[in-house]
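In: Got a sequence here, can you build the structure:
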Amino acid sequence: MTKKMVIISSIMLVIVSMSVIVIIVALPIIQSFIDYNAVEEEVKSANRDEIQQFMGDMEKGIEKEITVARRFYGGRSSLASNAPEEPKGWVIYHLRSVYDEAAKESWIEVTPDLSRFKQSKDEPIDVITSRQQCGYISLKKDPEYIDDPGTFMLTECFHRWEYELKK
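Out: Next comes the predicted model:
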């Protein structure tokens, strides 16, 4: 082999090696992107207007069902190597308002779906893990921020006073 052929062979070997490394590094990222997009297409989450409509209908004694999904992106909370790992995936709550005509009271039956959610070991968040009842949905706003759209909270729940529903 000539010197020129050895150099070309070496360059091709480096290019192939770099391509393999890029594929190995990029594959998990591509896979997680595909998984998230599949869930987005599959889960129709109620938007803010639909949640407010649900709240209004519940006050009127109208029974209704909606699904609210919240996405967590995972990863580390900062670039520091010792930064805590954050939760990843989807928290999905199926909500059904129930009205008792005799008692003139309503409540929400919450059925969680955590099959696509991975809790953080470092900084776990409060989620409803089993079916339970909550009294109502409230809208919490930060008074320091004028433009804060608020966070919908499931309130007066069986296991805890409130859970974050959707920002």
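
In: Sketch out the helices for the chain, chain order is fine.
Out: 3-42, 48-59 (DSSP state H).

In: Any idea which of the ones you listed has the lowest pLDDT on average?
Out: Comparing mean pLDDT across the helices of the chain, the weakest is helix 3-42, with a mean of 59.

In: Might you report the residue contacts of the closest residue to Ile92 other than its chain neighbours?
Out: Excluding the flanking residues, the one nearest Ile92 by CB to CB, 6 or more residues apart in numbering is Asp113, at 4.0 Å. Where you see a C-beta, it was placed from the backbone N, CA and C, and this is true even at glycine. Asp113 is in contact with 92-94, counting by CB atoms under 8 Å, 6 or more residues apart in numbering.

In: For these, which entry has the maximal number of neighbours?
Out: Most neighbours among the contacts of Asp113, by other CB atoms under 10 Å: Tyr93, with 24 neighbours.

In: For the residue nearest to it when sequence neighbours are not counted, list the residues it contacts.
Out: Distance criterion CB to CB, 6+ apart; nearest residue to Tyr93, sequence neighbours excluded, is Val68 at 5.0 Å. Val68 makes contacts with 45-46, 51, 92-93, 95, 152, 165-166, as judged by CB under 8 Å, 6+ apart.

In: Could you do Asp142 as well?
Out: For Asp142, counting by CB under 8 Å, 6+ apart, the contacting residues are 148, 150.

In: From Arg116, how far out is it?
Out: Noted for Asp142: a distance of 29 Å to Arg116, by CB to CB, to the nearest Å.

In: So what sits opposite the spatially most central residue of the chain in the bridge?
Out: Geometric centre of the chain, nearest residue: Arg71, 1.9 Å, by CA atoms, centre = their mean. Beta-bridge partners recorded for Arg71 (DSSP bridges): Trp90.

In: Please apply the same query to the one 5 residues further on.
Out: With beta bridges defined as DSSP bridges, Arg76 has these partners: Glu85.

In: roughly how far apart are it and Pro87?
Out: Taken as CB to CB, the span from Arg76 to Pro87 is 12 Å.

In: Repeat that for Asp57.
Out: The gap separating Asp57 from Pro87 is 31 Å, by CB to CB.

In: now Lys3
Out: 57 Å.

In: Compare those two and say which is more crowded by neighbours.
Out: Using other CB under 10 Å as the criterion, Lys3 and Pro87 rank with Pro87 on top: 18 against 7.

In: thinking the more buried one is in contact with Lys121, fair?
Out: No - using CB atoms under 8 Å as the test, Pro87 is too far from Lys121 to be in contact (9.6 Å).
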